[in-house]
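Enquirer: Curious how this folds, go ahead:
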Amino acid sequence: MTADPGPADPRTGARSAARRVSVVGGSVIGLACAWEVARAGAADEVVVHEPDDSGPGGVPASAAAWVAGGMLAPFSEAWPGEEAVFALGVDSLRRWPEMLRALEPHVPPGPPVRTAAHTHMLAVDEADARDLDMAMDWAARQPDPTVGATRSGSGSAPGITAADLRRVTRRELREAEPSLARVARAAYRMDSEGAVDNRVLLAALTRACVAEGVTWVRSAVSSLDHVDADHVVLAAGTGSAALAGLPVRPVKGEVLRLRARPGCEDPPRGVVRAFVRGRPLYLVPREGGLVVGATQYEHGDDRQVTVAGVRDLLADAETVFPGIGEFELAETIAGLRPMSPDNLPFLGPDPTDPRLVHATGHGRNGIALTPVTAATVVAHLQGRPGPPAALAASPDRVRRG
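Expert: Next comes the predicted model:
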């Protein structure tokens, strides 16, 4: 039996450090949790259990984060009825600037972590434009979960501002992104969104963990009972279903990585997201190229890239960005997103196991939700209240099988 963490400090409410915290899963969520736990002093020892070290610097190249587009996109992914998902995403977006500042000393030489500082969302046909207008109107009327004060005399929480989300004209879209085709029936701009380079982020988090004294165990965990720690943070993605009985299922997404060639048209300056004949598309600028995604298939544990997936992505991308045909097709890759039934992750303490803390089930939003996830885990380990927006993601909301 492992030792319990000490009592809470009566002045701050923070618990004294646990002897050991083990993080099961060493992709973006696991690395961020391990780093934040270590630098907050919430444990004397932090260990990451991750068998895959196939990527540069020992990061796992088989995890969803290695494949991801890296978009920070609560507004452009907003959908009516998903209030809790939206609030959690906005909360995490507000935390990204501080996380990037803290990571800066650990970014390896080369491209920066942040690759785009804004997003344009557009629809190509009338049906998609109606859906986009409906979703963006809903998002614009939502309260900002990170602002506690109310408007004078209104009695309601302050909402999303034009800096986060605003409709733009075709002329404004053309001026901002001159390389795009003139196909938009509706377009919106999100100045607080953008994207990060997922692979640079993984490298920076790995280096940050090393700097804080985090260590690795390079073997698979078959049972959480075998992990010797005061607290276990479960960040195992699709593997969380077998380890903890959570309803997390794999959903395949295919991504293309393109490299610019001499004479190519410049790629978009920011993230471009679109609905093309009902299919979602994203174009994310990267150093020297572009990332194109993303398909979505309920095919179980299937990581194969399909001809149909590549065909659809390239056809839709060329509809929006005609110059894409001159780029080099540098990589085709597929990953498995750990999806939950309600599109919310599982964040916080397990309702039956006091040792276990969940940080899993993020679906397509793993990178976007990294800061709020790490903040939730650290707050629990220190005996403090976590982010209010994370309460809806509590693991006790579902019955496990």
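
Enquirer: in this protein, which ranges drop under the pLDDT threshold?
Expert: Low-confidence segments of the chain (pLDDT under 70): 1-16, 148-158, 399-401.

Enquirer: Sketch out the helices for it, chain order is fine.
Expert: For the chain, applying DSSP state H gives helices covering 28-39, 64-67, 83-103, 126-140, 170-176, 198-211, 240-244, 307-320, 370-381.

Enquirer: closest one to T360 among these?
Expert: When those are compared by Cβ to Cβ, helix 240-244 sits nearest T360, at 4.2 Å. All C-beta spots, glycine's among them, are computed from the backbone N, C-alpha and C.

Enquirer: residues in contact with the closest one?
Expert: 24, 221, 223-224, 234, 236, 246-249, 338, 346, 350, 356, 358, 360-361, 400 (Cβ atoms under 8 Å, 6 or more residues apart in numbering).

Enquirer: Save the helices of the chain as CSV, and put in distance to V292 too.
Expert: Shown next, in CSV, are the helices of the chain (distance: least, Cβ to Cβ, whole Å):
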stretch, distance to V292
helix 28-39, 20
helix 64-67, 12
helix 83-103, 22
helix 126-140, 18
helix 170-176, 19
helix 198-211, 14
helix 240-244, 29
helix 307-320, 5
helix 370-381, 22
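
Enquirer: Save those helices as JSON lines, and put in distance to F275 and mean neighbour count too.
Expert: Compiled in JSON lines, the helices of the chain are given as follows (distance: least, Cβ to Cβ, whole Å; neighbours: other Cβ atoms under 10 Å):
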{"stretch": "helix 28-39", "distance to F275": "27", "mean neighbour count": "28"}
{"stretch": "helix 64-67", "distance to F275": "22", "mean neighbour count": "24"}
{"stretch": "helix 83-103", "distance to F275": "18", "mean neighbour count": "20"}
{"stretch": "helix 126-140", "distance to F275": "4", "mean neighbour count": "17"}
{"stretch": "helix 170-176", "distance to F275": "15", "mean neighbour count": "14"}
{"stretch": "helix 198-211", "distance to F275": "23", "mean neighbour count": "23"}
{"stretch": "helix 240-244", "distance to F275": "31", "mean neighbour count": "19"}
{"stretch": "helix 307-320", "distance to F275": "9", "mean neighbour count": "17"}
{"stretch": "helix 370-381", "distance to F275": "26", "mean neighbour count": "26"}
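
Enquirer: Among those helices, single out whichever gets nearest to S76.
Expert: Nearest of the helices of the chain (Cβ to Cβ): helix 126-140, 8.5 Å.

Enquirer: For the stretch 201-350 of the chain, which segments count as strands?
Expert: For the stretch 201-350 of the chain, the strands defined by DSSP state E, counting those that start in this stretch cover 215-217, 231-234, 249-259, 271-276, 279-286, 289-293, 328-339, 346-349.

Enquirer: Determine which stretch of these is the most buried.
Expert: Stretch with highest mean neighbour count among those: strand 231-234 (a mean of 28; mean count of other Cβ atoms under 10 Å).

Enquirer: I figured D316 hits V276, correct?
Expert: Yes: between D316 and V276 there is a contact under Cβ atoms under 8 Å: 4.0 Å.

Enquirer: shared neighbours of these two, which are they?
Expert: Joint contacts of D316 and V276 (Cβ under 8 Å, 6+ apart) do not exist.

Enquirer: about what we covered before: narrow the contacts of helix 240-244 to those that are buried.
Expert: Using 16 or more other Cβ atoms under 10 Å as the burial test, those include 24, 221, 224, 234, 236, 246-249, 338, 346, 350, 356, 358, 360-361 as buried.

Enquirer: Nearest to R174 among the residues you listed?
Expert: Distances from R174 to these, taken by Cβ to Cβ, are shortest for P338, at 38.4 Å.

Enquirer: Return the set of residues that bridge with that closest one.
Expert: P250 (DSSP bridges).

Enquirer: Then M190?
Expert: T119.

Enquirer: burial count for it?
Expert: Residues contacting M190 under the criterion other Cβ atoms under 10 Å number 27.

Enquirer: Pretty sure it sits against D164.
Expert: Yes: shown here, M190 and D164 form a contact pair, counting by Cβ under 8 Å, at 6.2 Å.

Enquirer: anything in contact with each of the two?
Expert: With Cβ under 8 Å, 6+ apart, M190 and D164 have common neighbours F75.

Enquirer: and the closest residue to C209 other than its chain neighbours, what does it touch?
Expert: Among residues not flanking C209 along the chain, W35 sits closest, at 4.9 Å (Cβ to Cβ, 6 or more residues apart in numbering). Counting by Cβ under 8 Å, 6+ apart, W35 touches L205, A208, C209, E212, V214, A374.

Enquirer: I appreciate the help and will end here.
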